[in-house]
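Student: Pasting a predicted model and its sequence here:
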Amino acid sequence: MSVVVLKVFSAVLIAVGIYAKVAKESDVVDKLMADPALLLIIVGSLMFTITFFGCFGALRNISLLLNMFVGILVAILILQVTAAVLGLLFSEKVQERTEQLMMKAIVRYRDDQDLENVIDFVQKKFKCCGVDSYLDWSKNMYFNASDQNLSLEAYGVPFSCCIRLKNETVFNSMCGYETQKMKKGVVSRLIYTTGCLDEIVWWGKQNLLLVGGMTLALLCIEICMMSLASVQLRQIQSVQQKRKQKGSKNLCCNRKS
């Protein structure tokens, strides 16, 4: 049953990814990490392929597909454990690489609608702005803090950085304009000045039980699926052996008669 659910979920991921990719007005983005639509397509395709091996192999009792399914899950499990260990051992390197990827995403903001929506969601969700601070938005050509920048958004930040008031009925989408020019005391009343990297790391530390629980649940599902596939493989092998033994007995009886 879990295999079927995963199969349906992966098919939905592929469909959403393809739709997002086709519907985009911008050109094809070269970088995978900066293209959510392409990432959805690839992840969905991998999940669909893996679950196809398990689902079709279980329905048709095909030991080859089941062996491939178990082998791929074992490889994924090993990769997950290895990634977790390496992440703990080289946490500073991982954080540095994450910072570089986030900076590249800021540079590509406005060039990719999907990426823009993801960044806006993160900034609103974690109440942050930029990677290390709101001044990181100067690296984007539209928000660049330069007198040569003719964009209307020069010296500004995206609207998702703005602090929303509780009694606010009409949202001012221009609230981030020219905030890089202002003094920090004034800016802190208009927008979030803390970088998103620090906020995400802080959220992870505050929710270690939730993150650990979700990781453990995922590992348990994978182990359960591997166990079920292994049990079915043994049953298939047992049936095949019984058939061989029965066939050899019938052959012996025919020779004697």
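Tutor: Received the coordinates, thanks.

Student: number of nearby residues for Gln232?
Tutor: 17 (other CB atoms under 10 Å). For glycine as for every other residue, the C-beta is placed from the backbone atoms N, C-alpha and C.

Student: no wait, Ile78
Tutor: 10.

Student: tell me which element it falls in.
Tutor: Using DSSP states H and E, Ile78 sits within helix 63-89.

Student: Go through that helix and flag the buried ones.
Tutor: 65-66, 68-70, 72-73 (16 or more other CB atoms under 10 Å).

Student: Next: stretch 143-152.
Tutor: 143-145, 149.

Student: Including secondary structure, could these go into JSON lines?
Tutor: Shown next, in JSON lines, are those (DSSP: H, G, I helix; E, B strand; the rest coil):
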{"residue": "Phe143", "secondary structure": "coil"}
{"residue": "Asn144", "secondary structure": "coil"}
{"residue": "Ala145", "secondary structure": "coil"}
{"residue": "Asn149", "secondary structure": "coil"}
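
Student: now, which of these sits nearest Ile200?
Tutor: Nearest to Ile200 among the buried residues of stretch 143-152, counting by CB to CB, is Phe143 at 21.0 Å.

Student: Contact partners for the nearest residue in space to the closest one that is not next to it in sequence?
Tutor: Excluding its sequence neighbours, the residue lying closest to Phe143 (CB to CB, 6 or more residues apart in numbering) is Trp137, at 4.2 Å. By CB atoms under 8 Å, 6 or more residues apart in numbering, the contact set of Trp137 is 106, 129-130, 143, 156-158, 161, 180.

Student: and the lengthiest helix in the chain, what does it pack onto?
Tutor: Longest helix of the chain, by residue count under DSSP state H: helix 208-256. Packing partners of helix 208-256 (3 or more CB pairs under 8 Å, 6 or more residues apart in numbering; DSSP states H and E): helix 2-23, helix 36-60, helix 63-89.

Student: just the angle between that helix and helix 36-60, please?
Tutor: Per axes from the mean of the first three to the mean of the last three CA atoms, to 10 degrees, the angle that helix 208-256 makes with helix 36-60 is 30 degrees.

Student: Return the distance of helix 208-256 from the chain's centre.
Tutor: 31 Å (CA atoms, centre = their mean, to the nearest Å).

Student: Could you check the angle that helix makes with helix 63-89?
Tutor: Using the same axes, to 10 degrees: helix 208-256 against helix 63-89 is 150 degrees.

Student: Just the mean pLDDT for helix 208-256, thanks.
Tutor: For helix 208-256, mean pLDDT is 78.

Student: same deal with stretch 117-126?
Tutor: Stretch 117-126 carries an average pLDDT of 93.

Student: Now it: buried residues?
Tutor: For stretch 117-126, by 16+ other CB under 10 Å, it's 119, 122-124, 126.

Student: Most widely separated two among the residues you listed?
Tutor: Ile119 and Phe126, at 11.1 Å, using CB to CB across the buried residues of stretch 117-126.

Student: how close does Lys166 sit to Met225?
Tutor: 46 Å (CB to CB, to the nearest Å).

Student: Neighbour count: these two, which is higher?
Tutor: Met225 (19 against 4).

Student: so that one touches Leu73, yeah?
Tutor: Yes. Using CB atoms under 8 Å as the test, Met225 is close enough to Leu73 to be in contact (6.3 Å).

Student: Low-confidence ranges, the stretch 1-150 of the chain, go.
Tutor: For the stretch 1-150 of the chain, applying pLDDT under 70 flags the ranges 1-40.
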